[in-house]
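[1] okay, sequence plus prediction incoming.
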Amino acid sequence: MSNSIINFLSQTPGSTRMGDTPKDKEAANYIAAAQQRTMPAHLASPKWRDLSTSISTGFQDEETYMRQREKLQQQEKSLAFDFRCKSRATDKEVRANSIIQALRRNDNQNIYGNATPRIGHQGQQHGRFAGDHFLSDVDLISQTSLFNVARRMPKGAHLHVHFNACLPPEVLLNIAKDMERMFITSDKPLTSKEAFDTCELQFSLVCKGKEKRGNIFSETYTDRQHMPFQHFLLEFRDMRADMKVDTWLVEKLMFSEDEAYNTRQTAHGAWRKFNGRTRMMKGLINYETAYRRYTRLLLEDFTRDGISYAEIRPNFMTSNHLLQDDGEKTIDNAGIMEIIIQVVEEYQREMHAKGGFFGGLKVIYCTPRSFRKDQIAESLQECLEFKKRWPKWIAGFDIIGEEAAGHPLKHFIPEFLQFQKECAEAAVSIPFLFHCGETLDDPEGNLLDALLLGAKRIGHGFALARHPYVMQHMKARGVCLELCPISNEILGLTGRVGGHTMYELLANNVHCTVNSDNGTLFRSSLSHDFYQVMVGKADMGLAGWKQLILWSLEHSCMEDSERLQALEAWQRQWEDFLTWILKVYGPVVESKDVASN
Ligand SMILES: O=c1[nH]cnc2c1ncn2[C@@H]1O[C@H](CO)[C@@H](O)[C@H]1O
């Protein structure tokens, strides 16, 4: 570089140093020192006090070079998010992790390696691999041993799950089949193959005499006329001999591979399909029988999936109440809370009687971000009332819906501040658990507002990696992220899990948890999200999974006594899980290793 350029770049004329370098150095030392403080004492190196000279670059021989390289690598590893769990791993955990890594290799060879390659552009063949698009791999995933392990793993707390979209679609469709007053509507008559493919269906329970009937399969069908669901099921058979009605309905509710990943799909396009599906779910869940059964089945599903505590997000709207089964009377939001509480308490009693454990469930009061300010104020009021009435059951408050399309957090600042004031006066604590940064770049500054509003956790936070200053503040405050990797992939933030920003966020020691968001629509469960987190990076292991689980318990809204109980139960389950891995997969892996030696 010529001297004149150096002088131009430099703040100090005549200096050979570039511009802000001394300050950058100071800042780098400062950050490294801060990170080092969290490192175990035996690994802390005093040389780190000055980064620019702590590592020499002139080496006389390869051996010295390699020693320095090794040291640097060790120091970097010691800053990794999973280092604490790795360095404290028990013998059993070390063995279980080697088994898990061997299973990953076996799956790559036996499941992905043996599957027929796919044909791409101009006939190019693409081999199958773990970590490819989730919906491309989902059938292979269920055949892998790693997924079997993920399913069996006790996962602690599930902190981000939308209550209307967490169980397989068949569940609500089957309940609806028995409802006499259940009607189906469509935005167009189903008179062509194209109409079957593109129609948007909705369901509603309508009381006697209030329906406006029509036949969805007739040319004259219009204006979302109601067709009894039971008639629809019978007539569908005559219309489509090529397809079972159950299959068709279930497929309507779930994202397909081509829909999510075809080259022309966009994040906004995926959200339009997503919103159509949540509208379809709405009428399937908003009546008493469905709501009760769904709550119960969800608890059973949590137990099967190794989840021992959850904070669920029902969508509360003052304009949208639950119906009684005849479609006549409505049940208000307080009635919804009562149903949830009854069903959960009953389940806990049953579990307890069987010698099992379910650590409980709390509700995150959610309301749409598309609401007007007065509606948000009303929702906040109701949330506060609920907290006073059922202190143990309300975890926090959140606003939901597509972030890029609805109101940003800053739109509601006066309402949020007023709410905080009223909470303080009532001596109750209702943390904000805001959805934000569920975008590539957070153009509206929602992450910043979440920080200023004192949010306890962030739903998603995908964009946080691009905001290092906010990120450092969040770390300092102990804010935790609720990652939803499969959701983010399907809703267009990353092509494949390996490109998810969680790996950068974790590398920066941001506390994170793993969550499923809307498993119904994504063909997934929490086990699938844990699976994806593992296969997204080669260096993920059991210690990483464990740290994410421990953070889920630590950052949940449980009371300390509840948390302690949940942690103790989880520790017992974790030991059983390790024993299970060693027993079931130890012999398989070890005999294979012997065979390949
Ligand atoms: O990832 C998400 N971000 C924001 N809102 C969501 C997400 N998933 C679901 N919902 C919202 O929750 C309601 C029930 O499913 C839906 O209305 C949807 O907009």
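    Now that the structure is in, tell me what you want to look at.

[2] which sections of the chain are below the confidence cut-off?
    1-19, 39-49, 319-320, 592-597 (pLDDT under 70).

[3] which helix runs longest in it?
    Assignment by DSSP state H gives helix 560-596 as the longest helix of the chain.

[4] most proximal residue of the stretch 1-150 of the chain with respect to the ligand?
    Across the stretch 1-150 of the chain, no residue is closer to the ligand than residue 134, which sits at 15.0 Å (Cβ to the nearest ligand atom). In this view, the C-beta of every residue, glycine as well, is placed from N, C-alpha and C.

[5] contacts only, for that residue.
    141, 486, 489-490, 497, 522, 524, 528, 532 (Cβ atoms under 8 Å, 6 or more residues apart in numbering).

[6] get me the contact residues on the stretch 151-300 of the chain for the ligand.
    The stretch 151-300 of the chain has residues 162, 164-165, 278 near the ligand, with proximity defined as Cβ under 6 Å from any ligand atom.

[7] of the contacts of residue 134 - the most surrounded one?
    residue 486 (30 neighbours; other Cβ atoms under 10 Å).

[8] need the contact list for the closest residue to the ligand within the stretch 401-550 of the chain.
    Nearest residue of the stretch 401-550 of the chain to the ligand: residue 401, at 4.2 Å (Cβ to the nearest ligand atom). The contact partners of residue 401, by Cβ under 8 Å, 6+ apart, come to 368-370.

[9] on that earlier part again, what's the farthest-apart pair in the contacts of residue 134?
    141 and 490 (14.5 Å; Cβ to Cβ).

[10] residues contacting residue 366?
    So residue 366 contacts 162, 313-316, 397-400 (Cβ under 8 Å, 6+ apart).

[11] again, 6 Å this time
    313, 315, 398, 400 (Cβ atoms under 6 Å, 6 or more residues apart in numbering).

[12] quick one, strands of the stretch 401-550 of the chain?
    435-436, 457-460, 480-483, 512-514 (DSSP state E, counting those that start in this stretch).

[13] separation between the spatially closest residue to residue 316 that is not a sequence neighbour and residue 472?
    Excluding the flanking residues, the one nearest residue 316 by Cβ to Cβ, 6 or more residues apart in numbering is residue 333, at 5.0 Å. For residue 333, the distance to residue 472 (Cβ to Cβ, to the nearest Å) stands at 38 Å.

[14] can you check residue 85 too?
    Residue 85 sits 23 Å away from residue 472, going by Cβ to Cβ.

[15] who has more neighbours, the two?
    Counting neighbours by other Cβ under 10 Å for residue 85 and for residue 472 shows that residue 85 has the greater number, 20 against 14.

[16] for the residue positioned nearest the centre of the chain, phi and psi?
    Compute the mean C-alpha point of the chain, and by Cα atoms, centre = their mean the closest residue is residue 484, 2.3 Å away. Dihedral angles of residue 484 (phi, psi; degrees, to the nearest 10) stand at phi -130, psi 80.

[17] residue 371 versus that one, what's the distance?
    Per Cβ to Cβ, residue 484 is found 22 Å from residue 371.

[18] go on, residue 549?
    34 Å.

[19] how about the residues of this protein by the ligand?
    Proximity of the chain to the ligand (Cβ under 6 Å from any ligand atom) is limited to residues 162, 164-165, 278, 315, 400-401, 435, 438, 487, 517-518.

[20] and the furthest pair within the residues you listed?
    The span of those, defined through Cβ to Cβ, is set by 164 and 438 at 17.9 Å.

[21] quick one, which of those two is more surrounded?
    Comparing residue 164 with residue 438 by other Cβ under 10 Å, the one with more neighbours is residue 438, at 24 against 21.

[22] nearest spatial neighbour of that one, chain-adjacent residues omitted?
    Using Cβ to Cβ, 6+ apart, the nearest residue to residue 438 is residue 460, at 3.8 Å.

[23] circling back to that earlier point, JSON lines for the residues of the stretch 151-300 of the chain next to the ligand, including secondary structure?
    Below are these laid out as JSON lines (DSSP: H, G, I helix; E, B strand; the rest coil):
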{"residue": "162", "secondary structure": "strand"}
{"residue": "164", "secondary structure": "coil"}
{"residue": "165", "secondary structure": "coil"}
{"residue": "278", "secondary structure": "helix"}
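
[24] now a PyMOL select for only the buried ones of these.
    Buried subset of these, written as a PyMOL selection, criterion 16 or more other Cβ atoms under 10 Å:
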select buried, resi 162+164+165+278
